[in-house]
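Enquirer: Any chance you could fold what I've pasted below:
(one chain, ligands or ions: 1)
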Amino acid sequence: MVLEVYLDDVVRLRKPHACGGSDWVVVRIGADIGLRCLKCHHRVVMPRSQLERRLQRFVRRAVPPEPEVDLDLDLPSPHTDVRA
Ligand SMILES: [Zn+2]
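Expert: Numbering: from 1, shown residues only. As a prediction, this is how the structure comes out:
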C-alpha cells in the first residue's frame, strides 16, 4: 500500500528532531519527500519508503481523503442522458 502524502500535510514522526520538535510539514513531493521541521524550520529530504517507516501519524491533512471521487460527478439522476 502506497502512502499518500500531499503538500502542506503535517506529519508526526516517531523520532523527535534534534531540536525537540516532532511535527513536520510536507514541502516537496516526489520520489523523495521534502519535510520542514515546524519548530526549527530545518529542511530534510527522505525517500518515501523511509517516511513510511518513520511516520507516526498525520497531524493535519492538506487534502482531506475523499472516498468517493470524481468520475461520475454532476449526474442529477441515474437516468440522465445529455447526449441526445
Ligand atoms: Zn527541528
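Enquirer: Would you state the strands of the chain in chain order?
Expert: With strands called from DSSP state E, the chain shows them at 10-13, 23-28, 32-37, 43-47, 55-60.
Enquirer: So which bits of the fourth one are buried?
Expert: Spelled out, it's strand 43-47. Met46 (16 or more other CB atoms under 10 Å). Bear in mind the C-beta positions are built from the backbone N, C-alpha and C, glycine included.
Enquirer: what about that strand and the ion, any contact?
Expert: No - Strand 43-47 stays clear of the ion (CB under 5 Å from the ion), getting no nearer than 9.1 Å.
Enquirer: Which positions in the chain make contact with the ion?
Expert: His17, Cys19, Gly21, Cys37, Lys39, Cys40, His42.
Enquirer: with those in mind, which one is nearest to Arg57?
Expert: Arg57 lies nearest to Gly21 out of these, by CB to CB, at 15.1 Å.
Enquirer: low-scoring pLDDT stretches of this structure, where are they?
Expert: Across the chain, the ranges flagged by pLDDT under 70 are 1, 63-84.
Enquirer: one more time with 80
Expert: Scanning the chain for pLDDT under 80 picks out the ranges 1-2, 63-84.
Enquirer: quick one on the thing from earlier: output the strands of the chain in a markdown table, with distance to Glu4 appended to each entry.
Expert: Below are these laid out as a markdown table (distance: least, CB to CB, whole Å):
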| stretch | distance to Glu4 |
| --- | --- |
| strand 10-13 | 12 |
| strand 23-28 | 11 |
| strand 32-37 | 11 |
| strand 43-47 | 16 |
| strand 55-60 | 10 |
